[in-house]
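Colleague: got a sequence here, can you model it:
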Amino acid sequence: MSSIGTARHFQPKGTPGDVCRDHNRAALATVVAAEARRRGYGPDLSDEQIDECAESAGRKTPSPTSREAIRAALRPPLTADDAPEAVAEAVFGSLPSHPVRVVDRDGREYFLVPIPATA
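Modeller: Residues are numbered from 1 along each chain as shown. Take a look at the predicted model:
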């Protein structure tokens, strides 16, 4: 199991707490979402399924806000063939704390995690 460092180690000293929480939520949601993908779950997974994935990934039970971020990460992925408007809606609709799933031209999936550049 890999470990994801927290925002306090990544963000500059003095970064507001809410910015760090959003950063952490998005990054850590991918850990549970990746386990959910391995199990074949989609964005409609139950709270119980999220809890099972979190436990399997070595994470504590997610908060309601984190559950929302996990489900967002499991939405249908963006592809290079999507219209620019769909990409903009998915990306800007995910801010500040929801990962966006994308698939490259070779079929490999990624999570794009919003990392704040300004506080």
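Colleague: ok, the residue nearest to Asp47 when sequence neighbours are not counted - how many residues close by?
Modeller: Counting by Cβ to Cβ, 6 or more residues apart in numbering, the nearest residue to Asp47 once its immediate chain neighbours are dropped is Arg67, at 6.5 Å. All C-beta spots, glycine's among them, are computed from the backbone N, C-alpha and C. Other residues lying near Arg67 total 19 when counted by other Cβ atoms under 10 Å.
Colleague: check the secondary structure at Arg67 for me.
Modeller: State at Arg67, reduced to three classes by DSSP: H, G, I helix; E, B strand; the rest coil: helix.
Colleague: okay, it: pLDDT?
Modeller: Here, the pLDDT recorded for Arg67 equals 97.
Colleague: kindly report the same for Ala7.
Modeller: The predicted structure lists Ala7 with a pLDDT of 68.
Colleague: picking that back up, pretty sure the residue nearest to Asp47 contacts Ile50?
Modeller: Yes: in this structure, Arg67 sits in contact with Ile50. The criterion is Cβ atoms under 8 Å, and the distance is 5.6 Å.
Colleague: any idea how far the residue nearest to Asp47 is from Pro43?
Modeller: Going from Arg67 to Pro43 by Cβ to Cβ, to the nearest Å gives 11 Å.
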